[in-house]
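Enquirer: Got a sequence here, can you model it:
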Amino acid sequence: MLARKFLYAIAAIILLILAFGISWSLFQDRFIRWTFVPSTDFVERDAGPAPDYAKVTAWLARPDLAVDPTRYVPAGFETPAAHAAAIFYVPPTTYLSKAHWNGPIADADAKARAVLFAKSQASAFNGSGSVWAPLYRQATLGAFLAADDPRSAKALDLAYADVARAFDAFIAAQPADMPIILAGHSQGSLHLLRLLREKVRGTELRSRIVAAYAIGWPISLTADLPALSLPACREPKSHGCLLAWQSFAEPAEPRLITAYFDATGGYAGLPRKGTKMLCTNPLTGSVGGSAPASANRGTLVPRTDYARADLEKGRVPAACTPEGLLSIGEAPDGFGRYVLPGNNYHVFDYALFWANIRADAERRTLAFAR
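Expert: Below you'll find the predicted structure:
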């Protein structure tokens, strides 16, 4: 009798697991939207006061900050004293709450996450110059899960307005002939692309851009790129150009990205659906192609607390797919906790190729100077 009850219990658990799995597969988009998309109206004052970029407290990184996460370097690297370029880095989405459509810059949790991203992403550029990274009233994560909602557009406009003012302050602080590197990730890259269209195209700044690293955001080669003022970086020493990739392990399932991509129009006024995404191979510095793990100069592999990392060479390969995604082959160990659905390694787009990005920026800056 006990054995029979045990088998019944096991059968019931299996049925519950199967039921949850089927429900998740059928309704996961609804679950995710319910978890992250705010149900409140968009109210600008909920995001707190606008940052004053004349004050150091409005910045996550800049040369005169006493504590700056972008100055991090792993063992074997150092930050040079001379600055060949100035770097403007826009952090990704770190405000995850559904309480508001935009997060106040005073939000402690969002800032703590931004510090971790700056340390693992923007630090790759400190070999080329000083890094400036603004705190801004980010659109919450849920805004990207409700792209057709007018409140989402308002949230993104508010976030961009902060980034644009920070960029103006950054430019005003630089010598008139200082080369500039632009870098971003995810939401940061989205705002970076708007900066290229509204602040760089048709201005003298265009001639000062070493490269723009718009990582973790889909860019159509035909529907977006012609309107961005910068061509794709075709060769490892190209400058005045744009780089982008989105990292997936195999088997890749980019449904969440392609759904957004296919449903939206590009910056050039053309539909994105059916077009190829820009894929720079970070191991080669060229558009498309593949490279083995042996070409990887160093991956930042996070430790258990995710506050520290170890640099490991030859860990991860890279190959651009026909659709324009970046395949990293089989899922590497050590990253599972924050891998997104579909084997999406979005969170680690920089960390996977940290040392190669550092070398890439230094190489392009040197080529620009010559």
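Enquirer: All the strands of this structure, in order from the start?
Expert: 59-61, 85-90, 129-134, 180-185, 209-215, 241-243, 247-250, 280-281, 286-287, 290-291, 299-302, 309-312, 318-320, 326-330 (DSSP state E).
Enquirer: So which elements touch the fourth one?
Expert: Spelled out, it's strand 180-185. Applying 3 or more Cβ pairs under 8 Å, 6 or more residues apart in numbering; DSSP states H and E, one finds that strand 180-185 makes contact with strand 85-90, helix 187-195, strand 209-215. (Glycine included, C-beta is placed from N, CA and C.)
Enquirer: The same query, at a cut-off of 6 Å, please.
Expert: The elements that strand 180-185 packs onto, with contact taken as 3 or more Cβ pairs under 6 Å, 6 or more residues apart in numbering; DSSP states H and E, are strand 85-90, strand 209-215.
Enquirer: The ones you listed: which one's closest to V131?
Expert: When those are compared by Cβ to Cβ, strand 85-90 sits nearest V131, at 4.5 Å.
Enquirer: which residues does L340 bridge with?
Expert: Assessed by DSSP bridges, L340 has beta-bridge partners N344.
Enquirer: Please report the distance of Y260 from S220.
Expert: Using Cβ to Cβ, to the nearest Å, Y260 is found at 12 Å from S220.
Enquirer: and L116, what is it in contact with?
Expert: Counting by Cβ atoms under 6 Å, 6 or more residues apart in numbering, L116 touches no other residue.
Enquirer: same deal with A124?
Expert: A124 neighbours (Cβ under 6 Å, 6+ apart): 354, 357-358.
Enquirer: gap between it and L300?
Expert: In terms of Cβ to Cβ, A124 sits 9 Å off from L300.
Enquirer: swap in L278?
Expert: 24 Å.
Enquirer: do the same with L326
Expert: L326 is 17 Å from L300, where distance means Cβ to Cβ.
Enquirer: Same question for T365.
Expert: 21 Å.
Enquirer: can you check K98 too?
Expert: According to Cβ to Cβ, K98 and L300 sit 30 Å apart.
Enquirer: So between those two, which is more surrounded?
Expert: Comparing K98 with L300 by other Cβ atoms under 10 Å, the one with more neighbours is L300, at 24 against 16.
Enquirer: Identify the residues contacting the more buried one.
Expert: By Cβ under 6 Å, 6+ apart, L300 lies in contact with 120, 309, 311, 351, 354.
Enquirer: returning to that earlier point: highest neighbour count among the contacts of A124?
Expert: Most neighbours among the contacts of A124, by other Cβ under 10 Å: I357, with 27 neighbours.
Enquirer: Near A164, how many other residues are there?
Expert: With neighbours defined by other Cβ under 10 Å, the count for A164 comes to 16.
Enquirer: Relative to Y136, how far out is it?
Expert: 10 Å.
Enquirer: where does the stretch 1-150 of the chain have low pLDDT?
Expert: Residue ranges of the stretch 1-150 of the chain with pLDDT under 70: 1-34.
Enquirer: got the contact list for the residue nearest the centre of the chain?
Expert: Nearest to the mean C-alpha position of the chain, counting by Cα atoms, centre = their mean, stands H185 at 1.9 Å. For H185, the contacting residues are 92, 121, 215-216, by Cβ under 6 Å, 6+ apart.
Enquirer: all helices of the protein, in order?
Expert: Taking DSSP state H as the test, the helices found in the chain are 2-36, 108-120, 150-172, 187-195, 255-263, 354-369.
Enquirer: Just the angle for the last one relative to strand 129-134, thanks.
Expert: This means helix 354-369. 110 degrees (axes from the mean of the first three to the mean of the last three Cα atoms, to 10 degrees).
Enquirer: who are the neighbours of helix 354-369, in terms of helices and strands?
Expert: Under the contact criterion of 3+ Cβ pairs under 6 Å, 6+ apart, helix 354-369 touches strand 209-215.
Enquirer: and the angle from the strand it packs on to strand 129-134?
Expert: Using the same axes, to 10 degrees: strand 209-215 against strand 129-134 is 50 degrees.
Enquirer: now R165: how far from H191?
Expert: R165 is 12 Å from H191, by Cβ to Cβ.
Enquirer: Of the two, which one has the most company?
Expert: H191 (28 against 17).
Enquirer: Look up the closest residue to the more buried one, ignoring the ones flanking it.
Expert: V163 (4.4 Å; Cβ to Cβ, 6 or more residues apart in numbering).
Enquirer: Relative to L190, how far out is that neighbour?
Expert: Distance, V163 to L190, using Cβ to Cβ: 10 Å.
Enquirer: Name the residue in these two with the higher neighbour count.
Expert: For V163 and L190, the more surrounded residue by other Cβ under 10 Å is V163, and the numbers stand at 26 against 23.
Enquirer: Just list the residues touching the more buried one, thanks.
Expert: Contacts of V163 (Cβ under 6 Å, 6+ apart): 90, 136, 191.
Enquirer: do that again at 7 Å, thanks
Expert: 90, 134, 136, 191, 195 (Cβ atoms under 7 Å, 6 or more residues apart in numbering).
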